[in-house]
Each structure stands twice: as structure tokens, then as C-alpha cells.
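Enquirer: Provide a 3D model corresponding to the input given below.
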Amino acid sequence: MSVGSAPTILAVIPARGGSKGIKRKNLLRLGGRTLVARTIAAARAARYDLDVVVSTDDPEIREEATRHGARVIVRPDILATDGASSEDVLLHALDADQENGRELPELLVLLQCTSPFTEAPDIDGTISALLQASADSSFSAVASHLFLWKADESGTMIGVNHDHRVRLRRQDSQPHFVETGAVYVMRTEGFVAHKHRFFGRVVAHETPAANWIEIDEPADVVVAEARLAASASPKKTALSGRVSGVVFDFDGVMTDDRVILNEDGVESVRCSRGYGYGIEQIRQAGLHVSVLSREVNPVVQVRCEKLKIECLQGIRDKATSLREWAVQKAIPLSEIVYVGNDLPDIPCLEMVGFGVAVADAHPKVRAMADLVLERRGGDGAVREICELISLFSENRLEVV
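Expert: Next up is the predicted model:
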């Protein structure tokens, strides 16, 4: 969802296959998601409308990026070495897009996978800092009151950012700012001219210190996992907040994921009739209800028409379609319940306010979901989640 008359923005995530400190670092899993997937999710959750691109030389990273809803730009081997700079990668991404007929964006955002705790507000805030200050470049930063020292030629320590003869209290000292390494925003024309992320008027957006960590060495992973474990809230066991929309996958959710073929090759599926009343109840409560399916099958359309709900078929990129559906209905993603069962549903589960998996969903889907239902797909799962939603009083239910 765009913010006001937002500019066109390209967000580039560099993610090469090789790395020295940690082998295959960008595919390292933290909290059940790869570093590249975590960064894509943060970018796609931003309020600004970002064209999210992953620049990579690696086929596996390319597949991971595509699965999580990002475009991919394949970078040449010369830009996949330790000597290639982030600026080189950004310039290549801009050139590649222009060669494919895309116009230069007004703003260019650099997002680093090595900052796995980056959140959408960090990205939005860094963009807003640039726009509100009419600046040329901006970066995410944390405030620091640390006293820095350096040694002179004789080994004597000298204060860098303070007069060592005056020991100010923290509340009386002027903070300094440290780059988090997570988010950089530039006006594209200026970047192309200067070929560097910092030029002209530079401003910073202060982000929470808890979001600041860079994964470069194995020890960083240990710290990140410990921080994640300490800060993680328990998984939701009930709906909370406001629900304005419910989106279902079809195969494996409304059906038992089996296909029956007759001798003429005609397909049929098995649905539970019991969820019809449940869907009617949430529709009458004023919720927007839709089916989002990768397959194209007349039975899906017929079933949805009977249920009086919207049907979107043949959707290869479910996350993008879900985002567009939310904008069309003017529903925040945080107010959507998504119910899925298989790997293509994971990006949607990550985007919405409440992700639900049927009991027999893929293990990775169950691990990602906020709630795993007791009933299987095609065997009461849809009725189960509809009844949970119907427990809302004025579309609200507190966590129990």
C-alpha cells in the first residue's frame, strides 16, 4: 500500500551464493526462514510500494527469492566475488532493468540479508527520513553514547568523540549514530552520478537497537539465535485483533487434496459440505472471503459461486495476488486470515496478520503458521476456522 503520492522505488537485496565467514550464508535459516527470505518478507510488508529484487548468481537463492515473491536479477560472476561492492551490484541491477525496458526508479533502496532482524518500519522510516528532509541519501542507524578512543603513534589513547577530561552523564551527552548496515536509501539519479550510496544531503533514521545485528561470523549466528529465542513471543493459539478478510487455498484446504479421474480423464474432487454454513456465517458478519488457487478447474469456480465467495484461479504468485486483493478491498494485511496447506502458501502466511494451516499441511507450513487446526483439509478444517472467527464479538477476539 503506497504512502501518499509515494515515488517509484526499487529495493535491491544483494545475495550471492559464496561467502567466507559462513558458507552459504544467505540461505542460513534463522527462526525457520532463510536470511534472504526474512529480508524479502520485511520489504514486502513495507507500507511503501517497493519493487523487490534479489541480485544473485546462485540458482538456489534465485528459487528461494522467487518463492517468496521477489523478482530476480542474475548477476555475472565478476560481481559475485569478495571484491565486488554493493554499489557495483546496484548499478548492475539498474542497467539490467533498463535493458529490459524498465524506467529508472526515483528512489533506490539497498537491503542487506546480513541484518536478519530488519522490520518493515525500519525500511519505511529510512525512506520517510529522506523524503521528509528532502535529502539525497539516508541510512538506518542506532544511537550510541559510547566513548570511543584511538591510539596515537606512541600508543597513548586519545578520545575520538569526547574530551576525556569531561565525563558527561549519558543524558547530558550528544548521541552519535552507528550504521546498522541494514537499510540505505538513495535518489537514483544522484546515485548513478556519484556511484556511491552517500552523496549530497545525508540523513539517518534511528531504528531500535534490538533490530541491530549483522551476521558475518558463526558467533553472530549464536547471538542472533539467542536473541530470537529470548524475544520471541509464544505462538498465537487464538485469533486476536481485528479480522476483515479471510482467504482460503482450495486444494488441500477445501478438499482432501485428492483428485478422482474417470475413464474419460475428467477430474473431480472431494469437498466437505459442512463448511458451507461456516462460510455463510463469516460472510454475514461482513468479512471479505476469497479463494486463492494455483490450479484452474471449473469445479473451483462452481463451488465458490455456490458459496457466494470470490474465486481467483491460476495464480502462480500467490503473495502478489493476495497483496493486490488486500489493496482492492482496502484491507490491511494485518487484518487478514490466510488458510493454506502447502509450500506455495508460505509467503502468504508470512504476510498476513494470522496464518492458519490445516492439520495435514506440509511440515514447513505447520511450522510457519500461527495456528494449526485440529481438522484435516476437506474434512472439517474450513468449518473449524470459520467457527473460531465467528466467536468474535464485533469481529474481535482476545488472545486466550
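Enquirer: for stretch 66-80, list every residue counted as buried.
Expert: 67-73, 75, 79-80 (16 or more other C-beta atoms under 10 Å). Backbone N, C-alpha and C define where each C-beta goes, glycine included.
Enquirer: quick one: contacts for the residue nearest to residue 122 when sequence neighbours are not counted?
Expert: In space, and not counting its chain neighbours, residue 122 is closest to residue 207: 4.7 Å by C-beta to C-beta, 6 or more residues apart in numbering. Listed by C-beta atoms under 8 Å, 6 or more residues apart in numbering, the contact set of residue 207 reads 122, 125-126, 140-142, 180, 182-183.
Enquirer: give me the number of residues near residue 254?
Expert: Using other C-beta atoms under 10 Å, residue 254 is surrounded by 28 other residues.
Enquirer: could you do residue 377 as well?
Expert: The burial count for residue 377: 30, using other C-beta under 10 Å.
Enquirer: please identify the helix or strand for it.
Expert: Residue 377 belongs to no helix or strand when assigned by DSSP states H and E.
Enquirer: coming back round to it: okay, the contacts of residue 207 in CSV with pLDDT, secondary structure and distance to residue 94 next?
Expert: What follows is those, written out as CSV (pLDDT from 0 to 100; DSSP: H, G, I helix; E, B strand; the rest coil; distance: C-beta to C-beta, whole Å):
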residue, pLDDT, secondary structure, distance to residue 94
122, 91, helix, 23
125, 92, helix, 24
126, 95, helix, 19
140, 95, strand, 21
141, 93, strand, 25
142, 90, strand, 29
180, 92, strand, 24
182, 93, strand, 21
183, 96, strand, 18
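Enquirer: make a markdown table from those residues and add distance to residue 196 to it.
Expert: Output for the contacts of residue 207, formatted as a markdown table (distance: C-beta to C-beta, whole Å):
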| residue | distance to residue 196 |
| --- | --- |
| 122 | 22 |
| 125 | 22 |
| 126 | 17 |
| 140 | 17 |
| 141 | 18 |
| 142 | 22 |
| 180 | 18 |
| 182 | 18 |
| 183 | 16 |
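Enquirer: quick check: of the residues you listed, which lies closest to residue 169?
Expert: Among these, residue 142 lies closest to residue 169 (C-beta to C-beta), at 19.8 Å.
Enquirer: got the contact list for that closest one?
Expert: Residues in contact with residue 142 (C-beta under 8 Å, 6+ apart) are 177-178, 180, 206-209, 212.
Enquirer: do residue 32 as well
Expert: Neighbours of residue 32 in contact, by C-beta under 8 Å, 6+ apart: 364, 367-368.
Enquirer: hang on, the earlier thing: out of the contacts of residue 142, list just those in strands.
Expert: Residues of the contacts of residue 142 located in strands (DSSP state E): 177-178, 180, 206.
Enquirer: between the residues you listed, which is nearest residue 153?
Expert: Of all the ones in strands among the contacts of residue 142, residue 153 sits closest to residue 178, with 26.7 Å by C-beta to C-beta.
Enquirer: got the domain ranges for this protein?
Expert: Here the domain parsing of the chain from automatic domain parsing is 9-228, 245-390.
Enquirer: hey, least reliable of the ones you listed by pLDDT?
Expert: Least confidently modelled of the domains of the chain is domain 245-390, at a mean of 83 by mean pLDDT.
Enquirer: just to be sure, residue 186 is in a strand?
Expert: Yes - judged by DSSP: H, G, I helix; E, B strand; the rest coil, residue 186 forms part of a strand.
Enquirer: pull the residues that contact stretch 114-123.
Expert: Stretch 114-123 is contacted from outside by 11, 25, 30, 35, 38-39, 42-43, 45-48, 50, 109, 111-112, 140, 180-183, 205, 207, 210-216, 224, 227, using C-beta under 8 Å, 6+ apart.
Enquirer: from the chain's centroid, how far away is that stretch?
Expert: 9 Å (C-alpha atoms, centre = their mean, to the nearest Å).
Enquirer: put the alpha carbons of that stretch into PDB.
Expert: Only the C-alpha atoms of stretch 114-123 are listed here, as PDB (Å, rounded to 0.1, in the frame of the first residue of the first chain):
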ATOM      1  CA  THR A 114      23.100  -9.900   6.900                       C
ATOM      2  CA  SER A 115      20.700  -7.900   9.000                       C
ATOM      3  CA  PRO A 116      18.000 -10.500   9.700                       C
ATOM      4  CA  PHE A 117      16.000  -8.500  12.300                       C
ATOM      5  CA  THR A 118      15.200  -5.700   9.900                       C
ATOM      6  CA  GLU A 119      11.500  -4.900  10.000                       C
ATOM      7  CA  ALA A 120       9.200  -3.100   7.600                       C
ATOM      8  CA  PRO A 121       9.100   0.100   9.900                       C
ATOM      9  CA  ASP A 122      12.900   0.300   9.600                       C
ATOM     10  CA  ILE A 123      12.500   0.400   5.800                       C
END
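Enquirer: ok, now how distant is the residue nearest in space to the middle of the chain from residue 283?
Expert: Nearest to the mean C-alpha position of the chain, counting by C-alpha atoms, centre = their mean, stands residue 41 at 0.9 Å. Distance of residue 41 to residue 283, given as C-beta to C-beta, to the nearest Å: 30 Å.
Enquirer: what segments of the protein are helices?
Expert: In the chain, helices defined by DSSP state H lie at 35-44, 59-67, 86-99, 120-132, 188-194, 218-231, 275-284, 298-307, 318-329, 346-351, 363-368, 381-390, listed in chain order.
Enquirer: including distance to residue 167, could these go into CSV?
Expert: Shown next, in CSV, are the helices of the chain (distance: least, C-beta to C-beta, whole Å):
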stretch, distance to residue 167
helix 35-44, 39
helix 59-67, 49
helix 86-99, 38
helix 120-132, 32
helix 188-194, 40
helix 218-231, 30
helix 275-284, 63
helix 298-307, 70
helix 318-329, 52
helix 346-351, 47
helix 363-368, 50
helix 381-390, 58
